[in-house]
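Chemist: Provided below are the primary sequence and the corresponding predicted coordinates.
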Amino acid sequence: MLSIKDLSVAFQTRKGEVSAVRGISFDVARGETLGIVGESGSGKSVTSYALMRILDAGGEIRTGEVRYSGQDLRHASERQMRDIRGSEISMIFQNPRAALNPIRRVGHQLEDVLIRHGRATRRDARPKAIAALEAVRINDAAARYHAYPFELSGGMCQRIVIAIALACDPQLLIADEPTTGLDITTQKAVMDLVRDLTRAREMSLMLITHDLGLASQYCDRIVVMKDGLIVEAGDPARLFTDPQHAYTRRLVDATPRIGATIRGLLPPEVRTAEPHHQVHSRPVLEVVDLVKTYPGKAGPVQAVKGISFEIKAGQSLGLVGESGSGKSTTSEMIVRLQDPTSGNILFDGQDIAATPAARFASHAARRDIQMVFQDATDSLNPRGTAGDAIAEPLKRIAGMRGAKAAARVAELAELVGLPQPLLSRFPHQLSGGQKARVGIARAIALEPKLLILDEPTAALDVSIQAIVLNLLVDLRARLGMSYLFVSHDLNVVRLLCDEVLVMKSGEIIERGPAARIMTAPDHAYTRALVAAAPQPPAQAA
Amino acid sequence: MTDTSLAPPRKGDTTLGHIAYVLRGNPVTLLAFAMLAFFVGCALFGPALVPYDPLATDAPRALEPPSRDHWFGTDSLGRDVFSRVIVATRLDLTISVAAVAISFMLGSVLGSIAGYWGGWIDAVLNRLLDTIMAFPLFVLAMGVVAALGNTVENIIIATAIINIPFYARLVRAEVNIRRYAGFAQAAKLAGNSDLRVLAVHIFPNALPPMMVQVSLNLGWAILNAAGLSFIGLGVRPPTPEWGIMVAEGANYIVSGEWWLALFPGLWLMLAVFTFNLLGDGLRDIVDPRKRT
Amino acid sequence: MARARMILGRVAQALPVVAGVVVISFLLTRALPGDPAAYFAGPAADAASIAEVREALGLDKPLIQQFFLYLGDLARGDLGQAISTGQPVAADLAARLPASLELTLVALVLSCAIAIPLGILAATRPGTWVDHLCRVLVTAGVSMPTFFTGIVLIYVFYYLAGWAPSPLGRLDFIYLSPPHVTGFYLIDAALAGDWFTWLGALKQLILPAATLALFTLAPIARMTRAAMLTALSSDFIRTARAAGLGRGKVLYAYAFRNALLPVVTTLGMVFSFTLGANVLVEKVFAWPGIGSYAVEALVVSDYAAVQGFVLAMALLFVALNLVIDIAYALIDPRIGVS
């Protein structure tokens, strides 16, 4: 139905012309679900924008042919394209809330599309819009018709975007990272909905994603892209069991899944034995009845509802939960950036919650509790170099100066695998993985006893995530640190942690050894979490 | 794979490279810098270089149109308009620079405190700024100068007062969005006190937009001071000042003696134009969206 | 319902600002260097009359008590006597306000009518001549001292070309003022059906209104352009385009309505500039509004008139801002719910 031949796309930028897509060819058959998988910068999204002819300013199709049901989309007039968009080919995007007009009722946004493509008149647009909302399984569609996007959850907004995309019965749906940024259970609900609707309507689906696991679960065929080229195409099971291209193999290896080991995420040629880490029986951290209450408009909101747990010296504890579970609040209280409303935080037996966060900078335990932040870019001062960032705790807490500090910074850079010349660079001159290394080096500069890792790999491509996770494993063995690993991703937590805590709505609902939580969860919510995580096919040995 | 690449940063990535790029793309900014240098030169050396004493009257040669002797003509008392225009540069620039410096400093301190700690300090400051902003600003300046007395110092104070809200609001917003930024949190974990986090880590990040504001405000402050003089507040005759000179010249415009108002007005406009162009240019340099 | 409550909330929020304005204008009155009584009595007063004024104004009482006296006077609409006219300041201001408002509003409508389409054009065609024209106009516009622009316009259109009437007031002496209804000559003349006078009033109005409009063009066009650029590059525009919506729909129903929000916010600042620049323009064109009244009062050190003017302008501006806030809330559904 859709046939792309030798497509290349280039962008005019200040650094000259950049080729985003460099001569790719693929077909989408009627009723087929095709996955396009690649890491950031692979050109996967640009490909879809190009075939829809909605490239940003400066982008241009250079060569190739795009045919849809015999029509030449590359040379179609803008008017013809407008007729095709929405009625023949539709698109849904990541970040659904931003994808909707913030000041227009969602029902009216649906009507705009229906009326544009002659599917409704002003008179009967409303019932048809409500029917389109019901088609994407929105409860109480008549009421939702009047809602503005800001009044709806992210998952609900994505359903509205899907309703808009499917309102005029298109033959092809392009889904560009449709679940990025959504909670894992919502993610599954949205993907299942997309799959069911496209199947029921015998539509074709192009799923663009960075997540090979997700693609393998929902697609009939997968195209792997890298640097604007297709490196491999094939059916998902074959890609996992018998990847032909070296890059596909690396991607397959790096995708966390059941049965994988942390060293197994790395390419075989650099795998070494996983170092052993010693867990002692003495607790390094005990949290007792921790409560955090925020003032809210409709009365106080309890973000954390009296939780208690402990971390033993040398142990790695995973803290898993979806957004709003209170996991971030908990970690910020432990690292002493926030004050708890009540409860105790015993660190080496001493109640560190007794010292307010505002004065904790001069506390003796400051050097022993450090944190690696979620967004490596955001956690580095844009006006300081990588070296400055790593030196900061050395200077402020340990009082190191001059050559001594410089030597220690060099030593730390070595330890986290950051090449020395990069120390004089500013954050915007570093890659995502390099920034993550800087953040880790800064956190371990004073060899803390407890390191809190707040989704340290959430913003990274899987191949970089594999490297960073392995670095963390090495550092743990070397420095004997305890980890509190905060994440939404059970697959990742399991690889790194001895035990796992599952949080929901401010409470701990389950705790147990990582392997047991994954295979035999007690709580229904944990089971839902485990089931929602995409599970790629098992890999050949 | 790009994780450990050691390729040197590309040329456009460094700050200097970026500035060079923006200037190449917008030669107008370069022109603005040149004009700024010219005005600063006039302010510093003007009084020593002008051909006539700006206060010396020469009644027989009153109201002469521009000529070889008097490039910008003479006024009703026979004073050389060119000399007066050039000499006035120092006073006008001094007023605006002093006023902007005061409001920059006060606004930064107030805005930083309010933006970082929030709470009642923030609420009080916001009310105060709301009250200042509730006056049409030029009208407030008129009221302040009228109340405090008709002097150059009071023009500076009035101009500073009406400019403070811009800086305080800007700094407050810039500090506030970075209050919980990862790097601010990380700085706390690295043992920095709140005050140090604010002063060393957060505030410097507000400087680029502040510099844009400073540049735009300098132009606005000159306009404001000249406006006050135009309606007879602040600087008094016979001191050479652009606003007064335009006011004096305005009386002769309906009888066709255009040079009296035109040259000081043009000069004033050029000075304000310079600062505005500079502000636009700086905006291009610091705007992150232009950095991609 | 939530909307109505929100609007009431806005009105309530304006109250502390009004209180602040009253306090500041009181302080300005009392902060006069030297003896306020001497200022209020005027330059020709002798010692006895100054003492009399001091007592009459309550200046011999403690500051707090003076403040309450001041509040009492305000409540009765008493802003003191103007020396220059011998009339109560409040009456003078009321008589002259329509002239200022007519000038300001015509200028604002004129500048919005030019600036907003210009900004949209520049944003939809970045890098073209429209964009460059917009940029030059915007930067030149804010750099023009209004009093200077006015003088240049007078020189060109009155002295050289002879197209404009003499720049003296709202109507040339050959006309009679229209019967007073609103105080806006354009409206009053139209109501009276006196199109001859209407045209005369319009001719007088064009140059000062153009002067003010040139000055306010810049911030509105600049903000429209920036807001349109932001709106056009946002995700929901891409969704709308991917759904095949037409260019007009995308541009106006989606992008422009969102871009209007920051533009409306800017209007508050523009009002502030306009009301300030108004004073200068009125002086240049001898326009009998409250601005030129204040300037005349300044010249003779008639401080009661100046303070009354400052207070009146502030209250006017607070009211305008309130209107802007409410307009904003009507466009943006997110306000008041959060």
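Modeler: Looks like it came in fine.
Chemist: Show me what from the stretch 351-500 of chain A comes close to chain B.
Modeler: Contacts of the stretch 351-500 of chain A with chain B, taken as CB under 8 Å from any CB of the partner chain, map to A:358, A:360-362, A:366-367, A:370-371, A:373-375, A:378-383, A:389, A:392-393, A:396-397, A:417, A:419, A:421-422, A:425, A:428-429, A:431, A:433-434, A:439, A:442-443, A:463-464, A:467. In short, each C-beta sits where N, CA and C put it, glycine included.
Chemist: List buried residues within these.
Modeler: In those, burial by neighbour count holds for A:360-361, A:366-367, A:370-371, A:373-375, A:378-381, A:389, A:392-393, A:396-397, A:417, A:422, A:425, A:429, A:431, A:433-434, A:439, A:442-443, A:463-464, A:467, counting by 16 or more other CB atoms under 10 Å in any protein chain shown.
Chemist: Out of the residues of the stretch 351-500 of chain A next to chain B, name the ones that lie in strands.
Modeler: Of those, the ones assigned to strands by DSSP state E are A:Q370, A:M371.
Chemist: can you tell me which of the residues of the stretch 351-500 of chain A next to chain B are in helices?
Modeler: Among these, the residues falling in helices (DSSP state H) are A:A389, A:E392, A:P393, A:R396, A:G433, A:Q434, A:G439, A:R442, A:A443, A:S463, A:I464, A:I467.
Chemist: Just put the residues you listed in a markdown table and tack on pLDDT and distance to C:M313.
Modeler: Shown next, in a markdown table, are those (pLDDT from 0 to 100; distance: CB to CB, whole Å):
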| residue | pLDDT | distance to C:M313 |
| --- | --- | --- |
| A:A389 | 94 | 51 |
| A:E392 | 93 | 51 |
| A:P393 | 94 | 55 |
| A:R396 | 91 | 51 |
| A:G433 | 89 | 59 |
| A:Q434 | 92 | 57 |
| A:G439 | 95 | 53 |
| A:R442 | 95 | 54 |
| A:A443 | 95 | 56 |
| A:S463 | 89 | 64 |
| A:I464 | 90 | 60 |
| A:I467 | 92 | 65 |
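Chemist: give me phi/psi at A:G234?
Modeler: The phi/psi pair for A:G234 (degrees, to the nearest 10) reads phi 170, psi -180.
Chemist: who touches it in this structure?
Modeler: A:R221, A:I222, A:Q244 (CB atoms under 8 Å, 6 or more residues apart in numbering or on different chains).
Chemist: Please tell me which one of those residues counts the most neighbours.
Modeler: Counting neighbours by other CB atoms under 10 Å in any protein chain shown, A:I222 leads those with 25 neighbours.
Chemist: Surely it and A:V37 touch.
Modeler: Yes: between A:I222 and A:V37 a contact is recorded at 5.8 Å, counting by CB atoms under 8 Å.
Chemist: Pull up the overlap in contacts between the two.
Modeler: Common contact partners of A:I222 and A:V37 (CB under 8 Å, 6+ apart): A:L212, A:A215.
Chemist: Not counting its neighbours along the chain, what's nearest the residue of the stretch 351-500 of chain A found nearest chain B?
Modeler: The nearest approach of the stretch 351-500 of chain A to chain B comes at A:S379, 3.1 Å away (CB to the nearest CB). Nearest residue to A:S379 in three dimensions, chain neighbours excluded: B:G182, at 3.1 Å (CB to CB, 6 or more residues apart in numbering or on different chains).
Chemist: How about B:Y167?
Modeler: Going by CB to CB, 6+ apart, B:Y167 has B:G107 as its nearest residue, at 2.5 Å.
Chemist: which ones are touching residue 45?
Modeler: Using chain A here. If a contact means CB under 8 Å, 6+ apart, then A:S45 has A:D176, A:E177, A:I208 as its contacts.
Chemist: you looked at the wrong chain, it should be chain C
Modeler: For C:A45, the contacting residues are C:A38, C:V53, by CB under 8 Å, 6+ apart.
Chemist: So which of the contacts of A:S45 sit within strands?
Modeler: Short answer: those in strands (DSSP E) are A:D176, A:I208.
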